[in-house]
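**Q** fold the stuff below for me.
(chains A and B)
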2 protein chains.
Amino acid sequence: MAQDSIEIVTAARKGDRRALARLISIVEEHRPAASAVLAELFPSTGKANVVGLTGAPGSGKSTLSDVIISRMRSRGDHVAVIAVDPSSPFTGGAILGDRIRMQDHITDPGVYIRSMGSRGHLGGMSAAAPKVVTVLDGIGFPQILIETVGVGQAEVEVVGEADTTVVVVNPGWGDAVQANKAGLLEIADVFVVNKADRPGVRETVRDLNQMLDLGSAREWRPPIIETVATKAEGSGDLMSALDNHRAHLVDDGHLETKRSQRLEATLKSALALAAVERMANAQESDGYQQTLSKVTERRLDPWSAAQSLVEGLNG
Amino acid sequence: MAQDSIEIVTAARKGDRRALARLISIVEEHRPAASAVLAELFPSTGKANVVGLTGAPGSGKSTLSDVIISRMRSRGDHVAVIAVDPSSPFTGGAILGDRIRMQDHITDPGVYIRSMGSRGHLGGMSAAAPKVVTVLDGIGFPQILIETVGVGQAEVEVVGEADTTVVVVNPGWGDAVQANKAGLLEIADVFVVNKADRPGVRETVRDLNQMLDLGSAREWRPPIIETVATKAEGSGDLMSALDNHRAHLVDDGHLETKRSQRLEATLKSALALAAVERMANAQESDGYQQTLSKVTERRLDPWSAAQSLVEGLNG
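**A** Just a heads-up that it's a prediction; the model follows:
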């Protein structure tokens, strides 16, 4: 079994995309081979540049992704795209309807697109995302782009895997405020005001600047880039902003710090999941069944019951 | 400490609303007194009728809640309302701007409104919700209404605490399809097509019926009620539908089954949280620090590391 999975890793590293798809499914779905795959790939990770792209639906993220992919490809880099849609039950090969433009890249062997839906992820998408990034990074993609459909909690957590996070807003009253409310101000390394050929750009830029002024002082102040993604306008500025942020991270050792923190967070959530699994085994026991009866008969509240079951494991 | 919290419980049972607010904050924020409060109240629970109300923003849930509250009040029942807004950082006393209509009920001592934001909930809102319901039920509210602002995963989980779930849609192409996509078809006990004075009602009702026909056969087929909540039209039909579903649950023993399942789910998630807390203590140890170093140096992947740490606890 372990030997098999190493063979799939080898094939994926040579560019076999079906092997790569299998690897991702293995780690996403927590299949038996997942441990061997992750153990094999993890030591090769830490080389990819991971960019996250988030913002409200309709803000033009897909078109902007398309522009970024084209620019990365013109530099000769292979690009892996993780398209995150928690509302979608589909995982794996499914390409979302509003990602039609990405079809341009589907025939390009230098681009790999994978969508992540809500199903089949033990511990949720935020637990699966670091594993998928580990596979793509470990396989050797120099560029990984994580694009979200919406701006919910799940999306924000998944984008947390990125080294550089791009937050997309549109011109118009309130869009910057909405982004702030959704907690996007805190995670943004680069702001993009997309559809900048529409009225209200100046006000949106002003709002973003004001909110940044009011926020806590940071070493890196997120630049605000105006783009018209449908015409690729501003794409040079955006790429420069991404490069600048990357340089900032690398030069001052921030990248190492950020990645160490992320690995510790991954370890902690993996620990929590492993603990839950252990608890699930405990649920087979007689003690658990007796405790459960007390709870359903409302003689013992579930929280005290949980505490006593966990303490019972100490003995 | 425990004695203090029992006194607060006693005051809350006598109708002291500030005492009730304190109890909810205690359990929501997992304060030291939470265990005593929950242990005291839990044996008195299981009497309230818990109704959940969910649907897309703008579908008129607040107005509909208002109508339901008025009808419940006219029967003489006290009503507790939990207004769920995961995007709001506010918890506790904060009343949302779009709930202005509920202001009618704020001066009514028979109505208690509490909003749940995203902050201060150990283990998330889905962990806090059963505790808040336990307090309101244990204090003696015969009717509890859980209203959500959106239709995200958090909202669906919170509404899972309800005995009867009402899903609100609006007339017009695609609304029923959206509700289905969001997983609302599976959780609906009653459908409301609100704003039924607008065009497209027939199509929406037809779409819902088709989707119900295609779904798995169930003992209870959710009725589809047309309402114009702003004019209280259809409110009689809605109340009858709620009563019928309640009677269906009670008569056939479904209510007991449903509640036992819910209590088991609560116990399991409490177990998981308790296990995570225990892991957090393990993180203080030398073994954890050594393992963490191996992970940040990419010599050991976080998932294998978590497994070995958990197994280490067995010894």
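
**Q** show me the shaky parts of the stretch 201-315 of chain A.
**A** Low-confidence segments of the stretch 201-315 of chain A (pLDDT under 70): A:280, A:282-284, A:313-315.

**Q** can you map out the strands along it?
**A** Using DSSP state E, counting those that start in this stretch, the strands found in the stretch 201-315 of chain A span residues A:224-227.

**Q** equivalent analysis for the stretch 51-200 of chain A, please.
**A** A:79-84, A:111-116, A:143-148, A:164-169, A:190-194.

**Q** paired strands for the last one, with orientation please.
**A** The one in question is strand A:190-194. strand A:164-169 (parallel), strand A:224-227 (parallel) (DSSP bridges).

**Q** and among those, the most buried is which?
**A** strand A:164-169 (a mean of 27; mean count of other C-beta atoms under 10 Å in any protein chain shown). Using the backbone N, CA and C atoms, a C-beta is placed for each residue, glycine as well.

**Q** now that strand: average pLDDT?
**A** Computed over strand A:164-169, the mean pLDDT rounds to 93.

**Q** between it and strand A:143-148, how many degrees?
**A** With axes from the mean of the first three to the mean of the last three C-alpha atoms, to 10 degrees defining the directions, strand A:164-169 sits at 40 degrees from strand A:143-148.

**Q** which residues does strand A:164-169 contact?
**A** A:49-56, A:59-61, A:64, A:159, A:175-176, A:178-179, A:184-185, A:187-194, A:204, A:208, A:222, A:238, A:242, A:245-246, A:249 (C-beta atoms under 8 Å, 6 or more residues apart in numbering or on different chains).

**Q** with stretch A:217-234 instead?
**A** A:60, A:63-64, A:66-67, A:70, A:167, A:188-197, A:201, A:205, A:208-209, A:212, A:235, A:237-238, A:241, A:244-245, A:248, A:252, A:254.

**Q** for PyMOL, what selects the buried ones among these?
**A** Applying 16 or more other C-beta atoms under 10 Å in any protein chain shown to the contacts of stretch A:217-234, the buried members can be selected in PyMOL as follows:
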select buried, chain A and resi 60+63+64+66+67+70+167+188+189+190+191+192+193+194+195+196+201+205+208+212+235+238+241+245
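
**Q** and the contacts of stretch A:217-234, which of them are in helices?
**A** A:63-64, A:66-67, A:70, A:201, A:205, A:208-209, A:212, A:235, A:237-238, A:241, A:244-245, A:248, A:254 (DSSP state H).

**Q** tell me how far A:V50 lies from chain B.
**A** The gap separating A:V50 from chain B is 15 Å, by C-beta to the nearest C-beta, to the nearest Å.

**Q** contacting residues for A:V50?
**A** A:V133, A:D137, A:I144, A:I146, A:E161, A:A162, A:D163, A:T164.

**Q** ok, 7 Å please
**A** A:V133, A:I144, A:I146, A:E161, A:A162, A:D163 (C-beta atoms under 7 Å, 6 or more residues apart in numbering or on different chains).

**Q** let's see if you can find the most crowded of these.
**A** A:I146 (27 neighbours; other C-beta atoms under 10 Å in any protein chain shown).

**Q** doesn't A:E161 make contact with that one?
**A** Yes: with contact defined as C-beta atoms under 7 Å, A:I146 reaches A:E161; the gap is 6.4 Å.

**Q** before we move on, the earlier item: closest to A:D16 among the contacts of A:V50?
**A** Nearest to A:D16 among the contacts of A:V50 is A:I144, at 18.4 Å by C-beta to C-beta.

**Q** quick check, the closest one in contact with A:A80.
**A** Yes: at 4.9 Å, A:I144 and A:A80 qualify as touching, with contact defined as C-beta under 7 Å.

**Q** which residues do these two both contact?
**A** With C-beta under 7 Å, 6+ apart, A:I144 and A:A80 have common neighbours A:L136.

**Q** do you know the pLDDT at A:R13?
**A** Confidence for A:R13, expressed as pLDDT, is 95.

**Q** nearest residue to it other than its sequence neighbours?
**A** Nearest residue to A:R13, sequence neighbours excluded (C-beta to C-beta, 6 or more residues apart in numbering or on different chains): A:I139, at 5.7 Å.

**Q** contacting residues around A:A48?
**A** A:L136, A:D137, A:F141, A:P142, A:Q143, A:I144.

**Q** let's go with 10 Å and repeat that
**A** Listed by C-beta atoms under 10 Å, 6 or more residues apart in numbering or on different chains, the contact partners of A:A48 are A:77-78, A:80, A:133-134, A:136-144, A:163.

**Q** on that earlier part again, and of the strands of the stretch 51-200 of chain A, who's closest to A:V310?
**A** Here strand A:111-116 is closest among those (C-beta to C-beta), at 32.1 Å.

**Q** helices or strands up against that closest one?
**A** helix A:17-28, helix A:61-74, strand A:79-84, helix A:103-106, helix A:125-139, strand A:143-148 (3 or more C-beta pairs under 10 Å, 6 or more residues apart in numbering or on different chains; DSSP states H and E).

**Q** now the last one against strand A:79-84, angle please.
**A** When the same axes, to 10 degrees is applied, the directions of strand A:143-148 and strand A:79-84 differ by 20 degrees.

**Q** compute the inter-axis angle for strand A:143-148 and helix A:125-139.
**A** 160 degrees.

**Q** other SSEs contacting strand A:143-148?
**A** strand A:49-55, helix A:61-74, strand A:79-84, strand A:111-116, helix A:125-139, helix A:153-159, strand A:164-169.

**Q** worst mean pLDDT among those?
**A** helix A:153-159 (a mean of 74).

**Q** from B:L145, how far out is A:V51?
**A** 44 Å (C-beta to C-beta, to the nearest Å).

**Q** sorry, that was for A:N209
**A** In terms of C-beta to C-beta, A:N209 sits 42 Å off from B:L145.

**Q** what do you get for A:D16?
**A** Relative to B:L145, and taking C-beta to C-beta, A:D16 is found at 55 Å.

**Q** so between the two, which is more surrounded?
**A** Using other C-beta under 10 Å as the criterion, A:D16 and B:L145 rank with B:L145 on top: 23 against 14.

**Q** what pairs with that one across the strands?
**A** Assigned bridge partners for B:L145, using DSSP bridges, are B:V51, B:V81.

**Q** how many neighbours does A:E7 have?
**A** 11.

**Q** can you list the helices and strands packed on strand A:111-116 in CSV and add distance to A:R218?
**A** Converted to CSV, the helices and strands packed on strand A:111-116 look like this (distance: least, C-beta to C-beta, whole Å):
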stretch, distance to A:R218
helix A:17-28, 33
helix A:61-74, 24
strand A:79-84, 25
helix A:103-106, 34
helix A:125-139, 24
strand A:143-148, 22
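
**Q** list the contacts of whichever residue of the stretch 1-150 of chain A sits closest to chain B.
**A** Closest to chain B within the stretch 1-150 of chain A is A:F42: 3.6 Å, counting by C-beta to the nearest C-beta. Counting by C-beta under 10 Å, 6+ apart, A:F42 touches A:131, A:134-135, A:137-138, A:263, B:295, B:298-305.

**Q** and those residues, which are buried?
**A** Counted by 16+ other C-beta under 10 Å, the contacts of A:F42 give A:131, A:134-135, A:137-138, A:263, B:295, B:300-305 as buried.

**Q** for B:M279, state which of those is nearest.
**A** B:A305 (12.3 Å).

**Q** verify the contact between that closest one and B:L292 for me.
**A** Yes: counting by C-beta atoms under 10 Å, B:A305 does reach B:L292; the two are 7.8 Å apart.

**Q** buried stuff in stretch A:43-54?
**A** Buried residues in stretch A:43-54 (16+ other C-beta under 10 Å): A:T45, A:A48, A:N49, A:V50, A:V51, A:G52, A:L53, A:T54.

**Q** tell me how far it lies from the chain's centre.
**A** The chain centre lies 10 Å from the centre of stretch A:43-54; the measure is C-alpha atoms, centre = their mean, to the nearest Å.
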